[in-house]
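Novice: predicted model and sequence below, questions to follow.
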Amino acid sequence: MAKKPKFTPSQIKEHIKKIQAAIDKHKRENQLEHFRSITPDEIEKKLKRANSPFIAGQATNSNAIRGGTLPYHVGIYNPDPFRARDMYAHVWVGSGNIDPTVGTFLTNVDTRFPRLTEPGAIHGLDLPPGGYGVLMFAMNVPMCVERTNYIGETCLMQLNWNDVGEYLDRAMFVFQVT
């Protein structure tokens, strides 16, 4: 027996419109030089999978200086008909994006850089149905790193205070240390 789709085609179209409007607002308010968002095709694929909410947009600067701070913003969308609570984004530098296994993806870390988790609130990000939220990070760039490109990783997770949490989504960004 075929599994019932999570969203109907008309619901998918409506979510794509909502997400694109939220992304456009995020782009307008963004003060960083590089913004990347998902395409309508990518939105449809994410809406058809099991895990949601998901990462819909991200912004950072393309360049960072040793000893400086790299800003990074990640936009999260909740397509579900219920409130999503206790969500956190974890950000680090490493090359794990190509690793399909969540456990090893999370441990592929360049330990010279900090590992950061937002939001700072003890109860995490809380998004209503159809809600879009932005989490902001400021990553310190160590003096000891080489002048080259680095891959930043983001893991969106929903924690469970009394049991195992849930991996929701991942994204990556590239920046250059000059």
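Specialist: Everything's here; your move.
Novice: and the top strand by length along the chain, which strands flank it?
Specialist: The longest strand of the chain (DSSP state E) is strand 166-177. Note on strand 166-177: by DSSP bridges, its sheet partners are strand 63-64 (parallel), strand 149-158 (antiparallel).
Novice: I122 should be in a helix, yeah?
Specialist: No: if the criterion is DSSP: H, G, I helix; E, B strand; the rest coil, then I122 is coil and not within a helix.
Novice: let me see the backbone angles for K25.
Specialist: phi -60, psi -40 (degrees, to the nearest 10).
Novice: what's the burial count for it?
Specialist: A total of 14 residues lie near K25 under the criterion other Cβ atoms under 10 Å. Glycine gets a C-beta too; all of them are placed from N, C-alpha and C.
Novice: contacting residues around the worst-scoring helix or strand of the chain on mean pLDDT?
Specialist: Using mean pLDDT, DSSP states H and E, strand 34-37 stands out as the lowest-scoring helix or strand of the chain, at a mean of 84. Residues outside strand 34-37 that contact it (Cβ atoms under 8 Å, 6 or more residues apart in numbering) are I23, H26, K27, A56, G57, Q58, A59, T60, N61, S62, G75, F173.
Novice: now the residues you listed as CSV including secondary structure, pLDDT and neighbour count?
Specialist: Converted to CSV, the contacts of strand 34-37 look like this (DSSP: H, G, I helix; E, B strand; the rest coil; pLDDT from 0 to 100; neighbours: other Cβ atoms under 10 Å):
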residue, secondary structure, pLDDT, neighbour count
I23, helix, 85, 20
H26, helix, 84, 21
K27, helix, 81, 13
A56, strand, 92, 27
G57, strand, 90, 24
Q58, strand, 91, 27
A59, strand, 89, 23
T60, strand, 89, 23
N61, coil, 89, 17
S62, coil, 86, 14
G75, strand, 94, 25
F173, strand, 94, 22
